[in-house]
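J.: got a predicted structure plus its sequence, pasted below:
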Amino acid sequence: MFNYKVFGLEISSEIELPGMMEGSDKPEVKIIQGEVDPFQVSKAEVEGDNYLVNGDDVYLWWDDIGKVKISKGELITVESDKDLESSDELNLIPFILGPVMALLLHQRGFLVLHGSAVNTGTGAVAFLGHRGNGKSTTAIHLYVEGYPLVADDILAIKFDDEGLPVVYPGYPHVRLSDEAYNQVKDYTDILTPIRTLVGKVFCDASHQFSPEPVKLEKIYVIEKVQPDSGATMGISVLKSQENLIDLIRHSVANRIFQHTTQKENLISCAQLVNHVDVKRLEIVHSFTDIHDMVRVIEEDIQI
């Protein structure tokens with residue numbers, strides 16, 4: 001068994017998961033290999049093209065890759081496709097560390113958003129946005145500038161005794177396109193041979209990683225601006241209603257659990273809006289403007 005610590009949880013796994021922080025041998029969550037049969041479920045509460053929810057169990061599957069069952073926020077059962085070559089089993093790892101872990105965290109009561117975050121020294125600053133809008137790229141460039149990484153892709157949030165949001169540290173790596181990685185390769189290492197099916201590579205960010213939970217202070221919702229549109233890079237304030245809609249849109253529960261835990265998710269998002277400054281960050285989708293983007297963010301968070 002391999003022992004890891006992630007999102008404040010001790011995890012034991014029969015599958016090696018590269019680029020993780022080492023944990024103890026007293027697991028709160030177990031990842032095992034076994035048989036998974038989502039099609040035995042006669043009537044699912046929620047069902048999609050590659051997932052279904054049945055009580056305390058969530059099933060996910062990917063053609064030619066494998067199937068996963070997530071149970072009660074405590075057990076992940078993985079069945080890889082029987083035709084996979086041993087090297088191809090690495091294709092499962094991005095799914096386990098991505099959507100599978102996000103759903104397990106939701107089961108454990110976290111508010112889970114699709115986003116990345118860095119530690120400014122006074123708290124965490126998070127970046128939300130649709131796929132390809134630059135969440136990970138923004139985080140890794142701030143990391144290069146000296147801001148420790150807190151999380152990439154999965155933003156796991158809980159509220160403390162005072163009702164304030166706290167971000168729990170994820171993995172000490174980010175997923176980047178080849179082009180984005182080439183911009184930072186002199187400042188970090190690549191975790192070969194982990195590469196996702198959509199062409200992202202795992203890029204090490206362990207040199208400056210924030211290992212403890214951090215109070216969340218700001219959220220930027222990234223909007224991509226085309227270089228030839230005439231629009232300029234900048235930050236604008238959103239209305240409270242826009243903030244709430246954006247947070248719900250980028251939450252894991254909104255996509256899969258909308259019929260079962262929608263009310264709880266709405267309450268958590270509303271609580272987050274009431275305690276965190278949420279703004280829109282309009283960025284020019286050009287790597288030549290990355291340093292300008294970093295300066296804009298630093299000026300806004302007054303560092």
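T.: Sure, I can see it.
J.: now do residue 38 against residue 105, distance only.
T.: 20 Å (CB to CB, to the nearest Å). In short, each C-beta sits where N, CA and C put it, glycine included.
J.: which one's more surrounded, the two?
T.: Taking other CB atoms under 10 Å, residue 38 and residue 105 do not tie; residue 105 has more neighbours (27 against 19).
J.: wait, what's in contact with the more buried one?
T.: 7, 73, 112, 154, 156, 252 (CB atoms under 8 Å, 6 or more residues apart in numbering).
J.: again, only this time at 7 Å
T.: By CB atoms under 7 Å, 6 or more residues apart in numbering, residue 105 lies in contact with 7, 112, 156.
J.: thought the first one was touching residue 156?
T.: Yes. Applying CB atoms under 7 Å, one finds residue 7 in contact with residue 156, separated by 4.7 Å.
J.: the more surrounded of these two?
T.: Using other CB under 10 Å as the criterion, residue 7 and residue 156 rank with residue 156 on top: 28 against 23.
J.: what about the helix or strand encompassing that one, average pLDDT?
T.: Per DSSP states H and E, residue 156 falls inside strand 154-159. Strand 154-159 shows a mean pLDDT of 96.
J.: ok, it: who's next to it in the sheet?
T.: strand 111-119 (antiparallel), strand 165-168 (antiparallel) (DSSP bridges).
J.: could the ones you listed go into TSV alongside mean neighbour count and mean pLDDT?
T.: Formatted as TSV, these follow (neighbours: other CB atoms under 10 Å; pLDDT from 0 to 100):
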stretch	mean neighbour count	mean pLDDT
strand 111-119	26	96
strand 165-168	22	98
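J.: format those strands as JSON lines; extra columns: distance to residue 176.
T.: Shown next, in JSON lines, are these (distance: least, CB to CB, whole Å):
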{"stretch": "strand 111-119", "distance to residue 176": "11"}
{"stretch": "strand 165-168", "distance to residue 176": "20"}
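J.: mind checking which of these is nearest residue 210?
T.: Taking CB to CB, strand 111-119 is the member of the strands paired with strand 154-159 nearest to residue 210, at 4.2 Å.
J.: contact partners of the helix or strand that comes right after the closest one?
T.: Using DSSP H and E, the helix or strand that directly follows strand 111-119 along the chain is strand 124-128. Outside strand 124-128, the residues that touch it by CB under 7 Å, 6+ apart are 113-118, 135, 138-139, 150, 155, 167, 214-222, 246, 250, 301.
J.: what about residue 63, how many residues nearby?
T.: Counted with other CB under 10 Å, residue 63 comes out at 7.
J.: tell me the contacts of it?
T.: Going by CB under 7 Å, 6+ apart, the list of residues near residue 63 is empty.
J.: again, 10 Å this time
T.: 50, 81 (CB atoms under 10 Å, 6 or more residues apart in numbering).
J.: against residue 81, how distant is it?
T.: Distance, residue 63 to residue 81, by CB to CB: 8 Å.
J.: cool, and residue 16?
T.: Here the criterion is CB to CB. By it, residue 16 lies 18 Å from residue 81.
J.: got it, and residue 23?
T.: Here the distance between residue 23 and residue 81 works out to 28 Å (CB to CB).
J.: for residue 267, same thing?
T.: Residue 267 is 39 Å from residue 81, where distance means CB to CB.
J.: measure how buried the closest residue to residue 165 other than its chain neighbours is and give me the count.
T.: Take residue 165 and drop its neighbours on the chain: the residue closest to it by CB to CB, 6 or more residues apart in numbering is residue 216, 4.3 Å away. If you count neighbours by other CB under 10 Å, residue 216 ends up with 23.
J.: and whichever helix or strand residue 216 is part of, how far out from the chain middle?
T.: Following DSSP H and E, one finds residue 216 within strand 214-225. Relative to its chain's centre, strand 214-225 lies at 13 Å (CA atoms, centre = their mean, to the nearest Å).
J.: next, the buried residues of it.
T.: Within strand 214-225, the residues scored as buried using 16 or more other CB atoms under 10 Å are 214, 216, 217, 218, 219, 220, 221, 222, 225.
J.: quick check: beta-bridge partners of the fifth one?
T.: What it means is residue 219. Counting by DSSP bridges, residue 219 is bridged to residue 126, residue 278.
J.: so who does it touch?
T.: So residue 219 contacts 113, 115, 117, 124-128, 155, 165, 238, 243, 246-247, 250, 272-273, 276-279, 281 (CB under 10 Å, 6+ apart).
J.: cool, thanks, talk later.
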